[in-house]
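[1] Predicted coordinates and the sequence they were generated for:
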Amino acid sequence: MRIGMGYDIHRLIEGRKLVLGGVRVEFTMGLLGHSDGDVLLHAVIDACLGAAGLGDIGELFPDTDSKYKDADSADLLREALRRVKDAGFGVHNLDCIIYAEKPKLGPLKGRIRARLAEILAVDEAQINVKAKTMEGLGRIGEQEAIAAHTVVLLEGQ
Ligand code: MG
C-alpha cells in the first residue's frame, strides 16, 4: 500500500467554463489555468503521482508546453494513471474535498464521484467526494478561487 496527497487551487474568473472532477458545472465563472483548470483532477493527479513516487503534475505536464493548452484534465489523469500502473500500482481508494463558496456543490457530488470512478476505472464505492464552503472567509470564501485536497491509497498489483 502507498498513500499520496494532493492539493491545488485555481483562480475563478469570468469567461471560462467551470469543470470540476471532469464534470461541466453551470456557473457564471470558471477556473483560470493553462489546461481546463480542473482543480480537483489536478489534485487527484498529484496524489496518485505522489503515492507512486513519480513526482508531480508540473513535471509531467509543464504549463510552458503548448501541448497542454486548454487540455482536458481527464486525459492528463489517464496518462498519470498509466504511469502509476507501469510502476506496479492501482487505485485502492480516493477521498476528496472541494473548497468552493459557490456554486453549491452538494447536488453535484454524486455526479463528480461517478465521473471520477469512470476516469479512474474503479467502482464508485472506492471514491468519496466532499464539498465545503469557507464560511465566507479568505479568498476562497470571497469567491476568488476554488481549491481541492485529495488523498489516495494505491495498492501493489
Ligand atoms: Mg492546477
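    Happy to help now that I have it. Note that the coordinates shown come from a computational prediction; the quantities given were computed from them, not determined experimentally.
[2] wait, what's in contact with the residue of the chain at minimum distance from the ion?
    Across the chain, no residue is closer to the ion than residue 42, which sits at 3.5 Å (C-beta to the ion). C-beta here means a position set from N, CA and C on the backbone, and glycine is covered the same way. Residue 42 is in contact with 6, 8, 10, 35, 57, 73, 76, 148, counting by C-beta atoms under 8 Å, 6 or more residues apart in numbering.
[3] likewise residue 142?
    By C-beta under 8 Å, 6+ apart, the residues touching residue 142 are 101, 136.
[4] Could you measure from it over to residue 28?
    The span separating residue 142 from residue 28 equals 15 Å under the rule C-beta to C-beta, to the nearest Å.
[5] repeat for residue 122
    Taking C-beta to C-beta as the measure, residue 122 and residue 28 are separated by 33 Å.
[6] quick one, which of these two is more surrounded?
    Using other C-beta atoms under 10 Å, the more surrounded residue of residue 122 and residue 28 is residue 122, with 16 against 11.
[7] For the closest residue to that one other than its chain neighbours, give the beta-bridge partners.
    Setting aside the residues directly before and after it, residue 122 is nearest to residue 91 in space (C-beta to C-beta, 6 or more residues apart in numbering), at 5.3 Å. In this structure, residue 91 has the following beta-bridge partners (DSSP bridges): residue 154.
[8] Then residue 99?
    residue 132, residue 147.
[9] Report the mean confidence score over the host helix or strand of the residue of the chain closest to the ion.
    Take DSSP states H and E as the rule and residue 42 turns out to sit in helix 39-52. Helix 39-52 comes out with an average pLDDT of 98.
[10] How far does it sit from its chain's centre?
    The offset between the C-alpha centroid of helix 39-52 and the centroid of the whole chain comes to 7 Å, using C-alpha atoms, centre = their mean, to the nearest Å.
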